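In: Using only what follows, build the 3D model:
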Amino acid sequence: MEDEEVLVLAAVVGCEKGSWPMKYLGLLLGGNPNSTEFWNPVVEKVGKRLDSWKKAFLSKGGRLTLIQSVLSSIPIYFMSLFKLPKGVVGILEKMM
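Out: Numbers count the residues shown, from 1 in each chain. Below is the predicted model:
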């Protein structure tokens, strides 16, 4: 299909023409799930959570419980569709 046809059809339907890769529900669609760049949003989310908790005065046991309960749910959402590469697993384990 030509670009002009796509734009006309998108206008009729009431949407916009997009491009790949794109994000849908926080997941990068059209990317390569075997590359570490694909998993950067997950690593960044985990890092942001850990940074805020490092400032809190928590015991090591409290911090470990918090990490296990909350942070484990972030990668699970992504892993429901894609297999996590070993390199990314190593990165996440080092952060925790």
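In: Now for the nearest residue to Gly87 once chain neighbours are set aside: which residues touch it?
Out: Here the nearest residue to Gly87 in space, its sequence neighbours aside, is Thr36; by C-beta to C-beta, 6 or more residues apart in numbering that works out to 5.4 Å. All C-beta spots, glycine's among them, are computed from the backbone N, C-alpha and C. Each residue near Thr36 by C-beta atoms under 8 Å, 6 or more residues apart in numbering is listed here: 85, 87-88, 91.
In: Swap in 10 Å and give it another go.
Out: Counting by C-beta atoms under 10 Å, 6 or more residues apart in numbering, Thr36 touches 43, 85, 87-88, 90-91.
In: Separate out the buried members of those residues.
Out: Among these, those scoring as buried are 43, 88, 91 (criterion: 16 or more other C-beta atoms under 10 Å).
In: Show me the shaky parts of this protein.
Out: Along the chain, segments meeting pLDDT under 70 span 1, 71, 96.
In: Okay, and Phe78 sits in which element?
Out: Assigned by DSSP states H and E, Phe78 belongs to helix 73-79.
In: What residues sit buried inside that helix?
Out: Quick answer for helix 73-79 (16+ other C-beta under 10 Å): 74-75, 78.
In: Show me which of the residues you listed is closest to Gly14.
Out: For the buried residues of helix 73-79, the minimum distance to Gly14 (C-beta to C-beta) is 30.2 Å, reached by Phe78.
In: Look at the nearest residue to that closest one once chain neighbours are set aside and give its secondary structure.
Out: Leaving aside its chain neighbours, Phe78 sits nearest to Val42 (5.3 Å; criterion: C-beta to C-beta, 6+ apart). Look at Val42: counting by DSSP: H, G, I helix; E, B strand; the rest coil, its state is helix.
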